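Chemist: Next input, structure requested:
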Amino acid sequence: MSITRTRIFPLKTAIARWWNNDPFTQSAAVAYYTIFSFPALIILYLGLASFFMQEEAVREQVFGFLISNFGRDAADTFRTIVANTAPSEKSFIPFIVAGAVLVYAALRLFLQLQKALNYIWDIDDREVSNFRALFLRRFMSFAVMLGVLFVLVISLVITSAISSITDWLIDHLPDMFAVLAHSINLALSLIVISLLFAVILKMLPDRYIRWAHVVPGALLAAALFMIGEYGMGVYFSWVEPGSAYGVTGSIILLMIWVFYSSAVFLLGAEYAKTLHQKSLVHQKQ
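Modeler: All right, here's what the predicted structure looks like:
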């Protein structure tokens, strides 16, 4: 890829690099680890969010999201998995062990994301093979995981407040405000998803990346994520691909959704890298 094309067509260059780096294999790996980490992430999210809101309201929000994206049968399946996976407080030692297993399971997903981002940034894992570097990688992945969960919790609180306000506006003001309320919710979703992607793109790779390069990549990934989420929701409501797999249909739908989300996220990472290289070209001139 020539330097000139990188400088003039950064998005086109990013798409070409994304395609050449086999994003489908990387996305499949992330989807695989999501199957094992998803219940743990939900449990950790419910536990953290319960400090800010009533637990029942948080559960309704989480499983309402699953119903809207995967259907009621899939949501019931995940509800059962979470109920069977959550640690019991009846005994202290088993509770601690179960909690540690949950944290490790959730951490595996972020470690896989870190590996995929390092691959994009041409970082050799042997560069971080010593004990201190490996410890810092695990610590950073853990910190990013907690940061992402915290941002999700804060967004839940803000979304709940805005939803209450928009519901009041829709009930008491003309219909034109319904469009405004819907636009506000879309804008808020874009901001929250972009922030989540930006945190991961900035913090997980073993390389310093400027926010000026991270933010455009995060916005690109978030916009494609929202478009794909809407498109897949419409497709699933018509075709119901999970019905062909019986009780495992919910797992299949989750893997499809995560596979697409990972693919567009990696495209955002490639765009951030292309912008980074473009700035290096400008500095040399």
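
Chemist: which residues sit against stretch 16-24?
Modeler: For stretch 16-24, contacts defined as CB atoms under 8 Å, 6 or more residues apart in numbering pick out 1, 119-120, 259, 262-263, 266-267, 270, 273-274. Every residue, glycine included, has its C-beta placed from N, CA and C.

Chemist: Could you report the distance from the closest residue to residue 190 other than its chain neighbours to residue 253?
Modeler: Distance criterion CB to CB, 6 or more residues apart in numbering; nearest residue to residue 190, sequence neighbours excluded, is residue 222 at 5.6 Å. Separation of residue 222 from residue 253 (CB to CB, to the nearest Å): 21 Å.

Chemist: what's the neighbour count on residue 260?
Modeler: 18 (other CB atoms under 10 Å).

Chemist: which SSE is it in?
Modeler: helix 249-284 (DSSP states H and E).

Chemist: Mind giving me the packing neighbours of that helix?
Modeler: Helix 249-284 sits against helix 3-8, helix 10-20, helix 23-49, helix 55-70, helix 72-85, helix 92-120, helix 176-203, helix 211-239, with contacts defined as 3 or more CB pairs under 8 Å, 6 or more residues apart in numbering; DSSP states H and E.

Chemist: State the mean pLDDT of the shortest one.
Modeler: Averaging pLDDT along helix 3-8 gives 48.

Chemist: do the same with stretch 251-265
Modeler: 84.

Chemist: cool, stretch 20-36 as well?
Modeler: Rounded mean pLDDT across stretch 20-36 is 85.

Chemist: likewise stretch 183-192?
Modeler: Rounded mean pLDDT across stretch 183-192 is 82.

Chemist: now stretch 59-68
Modeler: 75.

Chemist: Go through that stretch and flag the buried ones.
Modeler: By neighbour count on 16 or more other CB atoms under 10 Å, the buried set for stretch 59-68 is 59, 61-63, 66-67.

Chemist: ok, now stretch 101-118?
Modeler: Neighbour-count burial for stretch 101-118 [16+ other CB under 10 Å]: 102-103, 105-118.

Chemist: Nearest to residue 183, out of these: which one, please.
Modeler: Among the buried residues of stretch 101-118, residue 113 lies closest to residue 183 (CB to CB), at 30.9 Å.

Chemist: how near is that closest one to residue 14?
Modeler: Residue 113 is 18 Å from residue 14, by CB to CB.

Chemist: One more: residue 228?
Modeler: 17 Å.

Chemist: who has more neighbours, the two?
Modeler: residue 14 (23 against 16).

Chemist: My read is that the more buried one contacts residue 277, right?
Modeler: No: Residue 14 is not in contact with residue 277 according to CB atoms under 8 Å; the separation is 10.0 Å.

Chemist: how many other residues sit next to residue 179?
Modeler: 9.

Chemist: Contact partners for it?
Modeler: Applying CB under 8 Å, 6+ apart, no residues contact residue 179.

Chemist: Would you agree residue 220 is in contact with residue 266?
Modeler: No: counting by CB under 8 Å, residue 220 does not reach residue 266; the two are 11.1 Å apart.

Chemist: Between the two, point out the one with more neighbours.
Modeler: Neighbour count, other CB under 10 Å: between residue 220 and residue 266, residue 266 has more, with 25 against 22.

Chemist: which one is the more buried one nearest to, not counting chain neighbours?
Modeler: Residue 266's closest residue in space is residue 23 (CB to CB, 6+ apart), at 4.8 Å.

Chemist: what's the distance between residue 42 and residue 81?
Modeler: For residue 42, the distance to residue 81 - CB to CB - is 9 Å.

Chemist: again with residue 50
Modeler: Where residue 81 is concerned, residue 50 sits at a distance of 19 Å (CB to CB).

Chemist: One more: residue 72?
Modeler: 15 Å.

Chemist: between the two, who's got more neighbours?
Modeler: The residue with more neighbours, out of residue 72 and residue 81, is residue 81; 16 against 11, by other CB under 10 Å.
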